[in-house]
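**Student:** Pasting a predicted model and its sequence here:
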Amino acid sequence: MVTHKIRRIGDVEVSAIGLGAMPMSIEGRPDEDRSIATIHAALEAGITLIDTADAYHLTATDVGHNESLIAQALASYGGDTSNVLVATKGGHLRPGDGSWTLNGSPEYLKQAADASLKRLGVDAIGLYQFHRPDPNTPYAESVGAIRDLLDAGKIRLAGISNANPEQIKQASDILGGRLVSVQNQFSPAFRSSEPELELCDELGIAFLPWSPLGGISSASELGEKHPAFHQIASELGVSPQQLTLAWMLAKSEQVIPIPGSSRPETIRDSYAAVELELTPEQVAALDAA
């Protein structure tokens, strides 16, 4: 079973493993130099997908911190970054007190996209995703705003996040078949997004697992909490984290995990998963774990 290094989001080729940049901007974030070094290490390893959101920040005064950090890292990188796809999101907010709120109104989403455009310093956002459904706004209206941004050329690709199967189908219809990605939580501990993964596989839509290693506080304990992953990783001589990403890649050609990282060594270990080939028996054992 081969896990290819290259996958597709719409008509864009990207690395099979992306970089989730959120840990560089929220609680416990590292200093700026280490964050930029981590992004540079990801690029040097071959990663061409970086995921962010305007809500990845700490206080109400540094909204979009993560987007600005990525723009700075790309600008200071010595190599070619023309093939890097930056994916950002709007519609989920952090007022600055540690809480999260939602705003899926079309007016807000268009305003948020304009702000993200400026922070990223681009003419059009590579991939823009509706971050999370807002119960106070009809889903069709929120996705309609994403369609309008796509039609206006402010975004090149359109995606959704934290969506169920019906919302995926609805978004695809509203976008006229131009829905290219779904970003949902999926990990060894959180598998309730299997139906969404299977639907994306069927429709040819990229599925981007967020927190694929269990989240910032749990990633280091992955092997302890999931013995089957620890056992097979030990047999192969790799980390349980690397095995987890290889398992996800083996499940579908549409899967592109985006592990969060704030250290060069962890993103290098994650990217090495593209070279790890698992047998059908190993995949089945991990599926059943």
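**Tutor:** Arrived safely.
**Student:** Can you point out the buried residues in stretch 16-30?
**Tutor:** For stretch 16-30, a neighbour-count test (16 or more other Cβ atoms under 10 Å) marks Ala16, Ile17, Gly18, Leu19, Gly20, Ala21, Met22, Pro23, Met24, Ser25, Ile26, Arg29 as buried. All C-beta atoms are positioned from the backbone trio N, CA, C, and that covers glycine.
**Student:** Name the nearest of those residues relative to Glu281.
**Tutor:** Within those, distances to Glu281 taken as Cβ to Cβ reach their minimum at Ala16, with 21.8 Å.
**Student:** Report the contact partners of that closest one.
**Tutor:** Thr3, His4, Lys5, Ile6, Arg7, Leu249, Ile256, Val274 (Cβ atoms under 8 Å, 6 or more residues apart in numbering).
**Student:** Let me know the pLDDT of it.
**Tutor:** Looking at Ala16, its pLDDT is 98.
**Student:** where does it fall, phi/psi-wise?
**Tutor:** In this entry, Ala16 is assigned phi and psi values of phi -70, psi -20 (degrees, to the nearest 10).
**Student:** cool, Val14 as well?
**Tutor:** Note on Val14: backbone dihedrals following degrees, to the nearest 10 are phi -140, psi 170.
**Student:** That one and Ile50 touch, don't they?
**Tutor:** No: proximity of Val14 to Ile50 does not meet the contact threshold set by Cβ atoms under 8 Å, at 9.7 Å.
**Student:** Now for the two: what residues contact both?
**Tutor:** Between them, Val14 and Ile50 have Leu85 as joint contacts when contacts are counted by Cβ under 8 Å, 6+ apart.
**Student:** Double-check Phe190 against Trp210; I have them as touching.
**Tutor:** No: in this structure Phe190 lies outside contact range of Trp210 using Cβ under 8 Å: 9.8 Å.
**Student:** how close does the residue lying farthest from the centre of the chain get to Phe229?
**Tutor:** With Cα atoms, centre = their mean as the measure, the chain has its most outlying C-alpha, relative to the mean C-alpha position, at Glu235: 28.9 Å. Per Cβ to Cβ, to the nearest Å, Glu235 is found 11 Å from Phe229.
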